[in-house]
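S.K.: attaching a predicted model along with its sequence, questions to come.
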Amino acid sequence: MPHHHALRPPCALAALALSAFAALSGTSAHANPAAADSPSQADEIAHTVQDGDTLEGLAKAYLAAPRQWPLLQARNKVTNPRRLQPGSIIWIPVRLQPAESATVEFVHGAVTARANASDARAPVAKGNKLDEGTALQVGPDAFVSVRLADGTVVRVQAQS
């Protein structure tokens, strides 16, 4: 379950949904970066090591920048990055993973999006990709449905 953050209206629900969708990727275990054995929410993903796994290979599979494998080595206190113990757990920080986008499924009425606070608002149309953190503004008598990366559909109502 993702963290809940205090956000300012009018875009609270949409911003929460879009900032949380990376954490809703269906991962089965999470942990606090400070302690390898203490579970937390949406901080890390637990990867169970399979025969032949290496930190470099895991970095290519999980991280936005695979050259960051030394961060996995330090986080998991691994002495040999090419010889991981099958069955052991490697913790992958979510913050190092690539951001995923959401897709606009349906729009009714005046709906605009702004990826950054400094950007101008742009009209939203069916099929648009929305990056994590995009703020939506939904006008009167309007609504929008957004499909998150994990398949969840969020419907944002008028005046949100």
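M.R.: Alright, I've got the coordinates. Note that this is a predicted model, so its numbers are computed, not measured.

S.K.: tell me where the protein is predicted with low confidence.
M.R.: Applying pLDDT under 70 to the chain flags the ranges 1-42.

S.K.: tell me the domain ranges of it?
M.R.: 12-24+100-156, 44-96 (automatic domain parsing).

S.K.: in JSON lines, list those domains along with mean neighbour count.
M.R.: (C-beta placed from N, C-alpha, C; glycine too.) Formatted as JSON lines, these follow (neighbours: other C-beta atoms under 10 Å):
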{"stretch": "domain 12-24+100-156", "mean neighbour count": "17"}
{"stretch": "domain 44-96", "mean neighbour count": "15"}
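
S.K.: can you map out the helices along the protein?
M.R.: Remark: helices assigned in the chain by DSSP state H are 12-20, 55-62, 69-76.

S.K.: just give me the longest strand of this structure.
M.R.: Longest strand in the chain, counting residues (DSSP state E): strand 102-108.

S.K.: keeping just the C-alphas, turn that strand into PDB.
M.R.: The C-alpha trace of strand 102-108 is given here as PDB (Å, rounded to 0.1, in the frame of the first residue of the first chain):
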ATOM      1  CA  ALA A 102      -0.200   6.500 -16.800                       C
ATOM      2  CA  THR A 103      -2.600   6.700 -19.800                       C
ATOM      3  CA  VAL A 104      -5.700   8.800 -20.100                       C
ATOM      4  CA  GLU A 105      -8.600   6.400 -20.800                       C
ATOM      5  CA  PHE A 106     -11.600   8.800 -21.000                       C
ATOM      6  CA  VAL A 107     -12.100  12.600 -20.800                       C
ATOM      7  CA  HIS A 108     -15.400  14.400 -20.400                       C
END
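
S.K.: what distance do you get for I45 to D131?
M.R.: 20 Å (C-beta to C-beta, to the nearest Å).

S.K.: kindly report the same for A74.
M.R.: 29 Å.

S.K.: the closest residue to E105 other than its chain neighbours bridge partners, please.
M.R.: Distance criterion C-beta to C-beta, 6 or more residues apart in numbering; nearest residue to E105, sequence neighbours excluded, is S145 at 4.2 Å. On the basis of DSSP bridges, S145 is bridged to F106, R155.
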